[in-house]
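>>> Okay, sequence plus prediction incoming.
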Amino acid sequence: MKTELTKKFWVKQQVWDTRKKAYDGLIESFYETKEYLHFQIEYTNEYLDAYERIGCNSEGDEEYHNSYAAYVKEEQIKFDQKYQSTEAIADRLRIETDTKTKLTQLKKTLDTKFIYLHSDIGQIKSGLESIITQIFKKAREQGQHEDLDDYLESIIADHTKLSNDLTDLIERTQVIASEHLELRTS
């Protein structure tokens with residue numbers, strides 16, 4: 001009897017560990033994807049600040065215009081140094097590739113560990129697949145009569161929405177995981 005009880009406890013512990021690892025991997029991947037989205041939002045915002053929003057003021061004398069032009073050029077150089085160097089471009093590609101790889105691994109984990117997870121994770125999985133598709137799909141092309149500023153603002157809005165959708169998935173997953181793993185005490 002004691003051996004049977006020990007065996008059942010051991011099996012239950014192994015299943016719990018498998019579930020926990022799967023939930024942890026899922027939530028960790030969500031956070032890493034959010035970091036990638038935040039990086040994309042930051043990059044696009046800083047590009048807009050350096051090249052589009054910086055604008056030009058028609059008031060003032062020639063000295064003011066020259067000073068402002070120098071300021072604009074300085075901001076563009078700062079942006080280029082931060083984001084357009086060979087190293088920065090390689091970093092961006094590495095971050096994108098790492099994110100894609102981790103999300104692919106996550107999908108594989110979800111597929112292989114799905115039997116251990118709560119049935120509501122199916123909804124999380126479909127939400128994740130939708131987000132992945134949207135993150136890595138080719139950005140829509142700029143409309144013929146659309147300002148670059150408006151086009152980039154729409155990309156920022158899309159990424160912000162995806163980030164908010166990920167936040168929602170994270171919260172739902174955490175609730176499901178804590179209930180399924182019996183972590184909450186009432």
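Yes, it's here. For clarity, every value in this text was computed on a predicted model and none was experimentally measured.
>>> switch to C-alpha atoms for all contacts and neighbour counts from now on
Will do.
>>> Return the set of buried residues in the least confident helix or strand in the chain by mean pLDDT.
Taking mean pLDDT, DSSP states H and E as the measure, the chain has helix 121-136 as its least confident helix or strand, at a mean of 84. For helix 121-136, burial by neighbour count (16 or more other Cα atoms under 10 Å) applies to Ile121, Ile124, Lys125, Leu128, Ile131, Ile132, Ile135.
>>> all helices for the chain, in order.
Along the chain, the segments classed as helices by DSSP state H run 2-47, 62-83, 86-113, 121-136, 148-180.
>>> tell me the angle of the first one relative to helix 148-180?
Right, the one you point to is helix 2-47. If you take axes from the mean of the first three to the mean of the last three Cα atoms, to 10 degrees, helix 2-47 sits at 170 degrees to helix 148-180.
>>> returning to that earlier point: packing partners for the least confident helix or strand of the chain?
On a contact count with 3 or more Cα pairs under 8 Å, 6 or more residues apart in numbering; DSSP states H and E, helix 121-136 meets helix 148-180.
>>> Next, the angle from the helix it packs on to helix 121-136.
Computed by the same axes, to 10 degrees, the angle separating helix 148-180 from helix 121-136 equals 160 degrees.
>>> buried residues in helix 148-180?
Judged by neighbour count using 16+ other Cα under 10 Å, the buried positions of helix 148-180 are 152-153, 155-156, 158-160, 162-163, 165-166, 169-170, 173-174, 176-177, 180.
>>> Stretch 104-123 now?
For stretch 104-123, a neighbour-count test (16+ other Cα under 10 Å) marks Leu106, Lys107, Thr109, Leu110, Phe114, Leu117, His118, Ile121 as buried.
>>> which residues sit against that stretch?
The contact list for stretch 104-123 (Cα atoms under 8 Å, 6 or more residues apart in numbering) reads 15, 18-19, 22-23, 25-26, 29, 125, 173, 176-177, 180.
>>> try stretch 46-56
Contact with stretch 46-56 is made by Tyr68, Val72, Glu75, Gln76, Phe79, Leu148, Asp149, Leu152, as judged by Cα under 8 Å, 6+ apart.
>>> Residue ranges in the chain under the pLDDT threshold?
Residue ranges of the chain with pLDDT under 70: 55-58, 184-186.
>>> got a list of what the closest residue to Ile170 other than its chain neighbours touches?
Nearest residue to Ile170 in three dimensions, chain neighbours excluded: Ile27, at 6.1 Å (Cα to Cα, 6 or more residues apart in numbering). Residues near Ile27 by Cα under 8 Å, 6+ apart: Ile170, Thr173, Gln174.
>>> measure the second one to Tyr31 for me?
With distances taken as Cα to Cα, to the nearest Å, Thr173 is found 12 Å from Tyr31.
>>> List the contacts of Tyr31.
Residues in contact with Tyr31 (Cα under 8 Å, 6+ apart) are Ile170.
>>> Leu181 now?
Counting by Cα under 8 Å, 6+ apart, Leu181 has contacts Trp16, Arg19, Lys20.
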